[in-house]
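Undergrad: here's my sequence, what's the structure:
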Amino acid sequence: MDLAWKVTSGASALGAGVSTALVVAASRSPDGGMTLFAWHPTMMMAAATMFGPSAVLIAQYRGTRKSKEDKENLLLLHAGLQAGAVACAGVGLAAIVANKNNHAKPHFTTPHGKLGAIALLAYTGAAGYAGWRTSQAMGTGAFWHDAAHHVGGAAAVALGAAAAVSGLMHPNWSPPTLGGGTKVLIALGAVGAALVAAAAVGANLTGVTDTLKAAVAEEPAAAPAEESAAAAPAEEPAAAPAEESAAAPAEEPAVAPAEEPAAAPAEEPAAAPAEESAAAPPAEESAVAPAEEPAAAPAEEPAAAPAEEPAAEE
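TA: Alright, predicted model coming up:
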C-alpha cells in the first residue's frame, strides 16, 4: 500500500505542479509582472490540481496507518491542505471579480464561471461540514470519516478540475506563449489529479459502505428481539381467553338456572290452587247441588269436592 500510495501521489503532484507552472508562465505579462487577471488562473490551478487532490490522497493514506499519532498528524495535514485549497480558490475568485469590475463586465455569465462558482461552494461545503461535525463531537478527527464528507470532497475535486479545464479552453484566454499542446498538457494534469483523488475517495468509501451494510444487517436482527420482548402476541391470547372463560360461563349458569326453576314452578302451583280454593262458589254449589240438581252432581263433584272436602273435615 505504501508503494502504491507513493506512486499515485507522486504522479498527481507532478501533473499538478507542471500544470500550475505552465499557467503561471502563460499568465505573466510581457514585462515579467503579474496582472490582476493572472492571479485568477494561477490560484485556481493551485487549488484544483495541487492542494485539493493532495488533501484527498493524504486522507486516503491515513487509513493505512495503525498508530493513533500517525492518524492524527495525517488528519491535520489533510485539513491544512484542504484549507489551502479553499484559500487559493478564494484569492482566484477575488482576482477575477476585481478584474471584471475594472472592465465593467457582468459576473458568472459563462459556463466556466458558473462551474467554478459551484466548485468553490463544494470545496467550502466539504471543509465546513467536516469542521462543524468535529466541533460538535469535541474530538479531533471525529466524523471526518463521514460518507457525506467523502462524497462532498470527491465532488469538489472533480468540479474544480472541470472548471480548470473549461477555463484553459476559454476563447478569451489565449496568451501567445500558450499553444494548443500546452493547453492539452495542463488539462491532462488537472484531469489526472482529479481522477487520482476520485479513485482514492472510492477506495476509502468501500470501508464506509461495508460499515453501512453491517449496520443495516443488524437492524432486522434487533427488531424481532424488541417485538418479542414487548410480549404483545403473548399477552393477547393469554388475557382474552382467561377473562372470557372466567366471566361468561360463571355468570350464565349461576343466574339463568337459579331464577327459572325457582320462579316458574313456585308461582304457578302456588297461584293456581290458591285462586281455585279461594273461589268458594264451586264448594257452595257442590253442597247445594245434590239437593237441587241430581243430574249435574256427578260432573261437578269429582273436580271440586275432593279439593275442599278434606279441608272442611279438618
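
Undergrad: who's in contact with stretch 107-121?
TA: For stretch 107-121, the external contacting residues (Cβ atoms under 8 Å, 6 or more residues apart in numbering) are 44, 48, 86, 89-90, 93, 96-97, 100, 156, 159-160, 162-163, 166-167, 170. No exception for glycine: its C-beta is placed from N, CA and C like everyone else's.

Undergrad: and the buried ones among these, selectable in PyMOL?
TA: Listed next is the PyMOL selection for buried residues among these, using 16 or more other Cβ atoms under 10 Å:
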select buried, resi 44+48+86+89+93+96+100+156+159+160+162+163+166+167
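
Undergrad: domain parsing for this protein?
TA: 2-229, 280-314 (automatic domain parsing).

Undergrad: thinking again about what came up before, which of the contacts of stretch 107-121 fall in helices?
TA: Per DSSP state H, helices hold the following members of these: 44, 86, 89-90, 93, 96-97, 100, 156, 159-160, 162-163, 166-167.

Undergrad: now the chain, which segments are flagged as low pLDDT?
TA: In the prediction, the chain carries residues with pLDDT under 70 at positions 1-22, 24-33, 136-146, 173-187, 189-314.

Undergrad: swap in 80 and give it another go.
TA: For the chain, applying pLDDT under 80 flags the ranges 1-34, 60-65, 129-148, 150, 168-314.

Undergrad: phi and psi next, for T110.
TA: Dihedral angles of T110 (phi, psi; degrees, to the nearest 10) stand at phi -100, psi 160.

Undergrad: near it, how many other residues are there?
TA: By the criterion of other Cβ atoms under 10 Å, T110 has 14 neighbours.

Undergrad: could you do P111 as well?
TA: 12.

Undergrad: please apply the same query to E69.
TA: Neighbours of E69 under the rule other Cβ under 10 Å: 8.

Undergrad: what's the distance between it and L76?
TA: Here E69 is placed at a distance of 11 Å from L76 (Cβ to Cβ, to the nearest Å).

Undergrad: ok, now which ones touch G131?
TA: Contacts of G131 (Cβ under 8 Å, 6+ apart): A79.

Undergrad: if I look at it, how far off is K114?
TA: 26 Å.

Undergrad: next, L74: secondary structure please.
TA: The three-state label given to L74 by DSSP: H, G, I helix; E, B strand; the rest coil is helix.

Undergrad: got the contact list for the nearest residue to it once chain neighbours are set aside?
TA: Nearest in space to L74, with sequence neighbours left out and distances taken as Cβ to Cβ, 6 or more residues apart in numbering, is R62 at 3.9 Å. Counting by Cβ under 8 Å, 6+ apart, R62 touches D70, K71, L74, L75, H78.

Undergrad: give me the buried entries from those residues.
TA: Buried, going by 16+ other Cβ under 10 Å: K71, L74, L75, H78, out of these.

Undergrad: gap between the first one and F51?
TA: This points to K71. 21 Å.

Undergrad: and the second one, by the same measure?
TA: Look at L74 and F51: by Cβ to Cβ, they are 15 Å apart.

Undergrad: picking up where we left off before, between the buried ones among the contacts of R62, which sits nearest H40?
TA: Distance to H40, by Cβ to Cβ, is smallest for H78 among the buried ones among the contacts of R62, at 26.0 Å.

Undergrad: and for M169, the neighbour number?
TA: Applying other Cβ under 10 Å, I find that M169 has 15 neighbouring residues.

Undergrad: ditto for G128
TA: G128: 12 surrounding residues under other Cβ under 10 Å.

Undergrad: cool, and L121?
TA: By other Cβ under 10 Å, the residues close to L121 number 12.

Undergrad: report the buried residues of the strand or helix carrying it.
TA: Counting by DSSP states H and E, the element that carries L121 is helix 111-137. Neighbour counts over helix 111-137 (16+ other Cβ under 10 Å) mark 112-113, 115-116, 118-120, 122-127, 129-131, 134 as buried.

Undergrad: isn't L77 right up against A59?
TA: No - assessed by Cβ atoms under 8 Å, L77 is found out of contact with A59, at 9.1 Å.

Undergrad: more neighbours, the two?
TA: When neighbours are counted by other Cβ under 10 Å, L77 and A59 differ, and A59 comes out ahead with 25 against 16.

Undergrad: surely A155 and A122 touch.
TA: Yes - using Cβ under 8 Å, A155 is in contact with A122, at 5.2 Å.

Undergrad: ok, back up a step: quick one: which of the contacts of R62 is nearest to F37?
TA: Distance to F37, by Cβ to Cβ, is smallest for H78 among the contacts of R62, at 31.4 Å.

Undergrad: helix/strand/coil for that closest one?
TA: Secondary structure, three-state DSSP: H78 is helix.
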